[in-house]
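K.L.:
quick one, fold the following:
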Amino acid sequence: MDQLQQVYGLDTIVVKALKASFSVQGTPVIRKISVNNASVYELQILPFFTKELAEKIVSERAKNGLFNDFEKISNILGLPEDKIEIIKLYLNF
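P.N.:
Below you'll find the predicted structure:
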């Protein structure tokens, strides 16, 4: 539910109303995908991924080889730490 605050353009009043009306019943199972094997399509359908980010990941992987840690992804792609923390939920090596 805390991720609602990160939705661009979503007013805080709306977020509060949603939180009051809904609850998370259990921790969802998130199927991680390999950043070193995923296609642009597979990456872009993940939450918080754009087509541009997916293309950049695949392009960098093709040019420089496989990723082995999130720090390398952050440095190469110029992603801030908060974005890296989010994408860690969806990717593995």
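
K.L.:
so which elements touch the one helix or strand residue 82 maps to?
P.N.:
Residue 82 is part of helix 81-87 when elements are defined by DSSP states H and E. Judged by 3 or more Cβ pairs under 8 Å, 6 or more residues apart in numbering; DSSP states H and E, the packing partners of helix 81-87 are helix 70-77. Using the backbone N, CA and C atoms, a C-beta is placed for each residue, glycine as well.

K.L.:
tell me the buried residues in the longest helix seen in the chain?
P.N.:
In the chain, with assignment by DSSP state H, the single longest helix is helix 51-64. Neighbour counts over helix 51-64 (16 or more other Cβ atoms under 10 Å) mark 53-54, 56-58, 61 as buried.

K.L.:
mean confidence for it?
P.N.:
Averaging pLDDT along helix 51-64 gives 92.

K.L.:
which elements pack onto that helix?
P.N.:
Contacts defined by 3+ Cβ pairs under 8 Å, 6+ apart place helix 51-64 against helix 40-44, helix 70-77.
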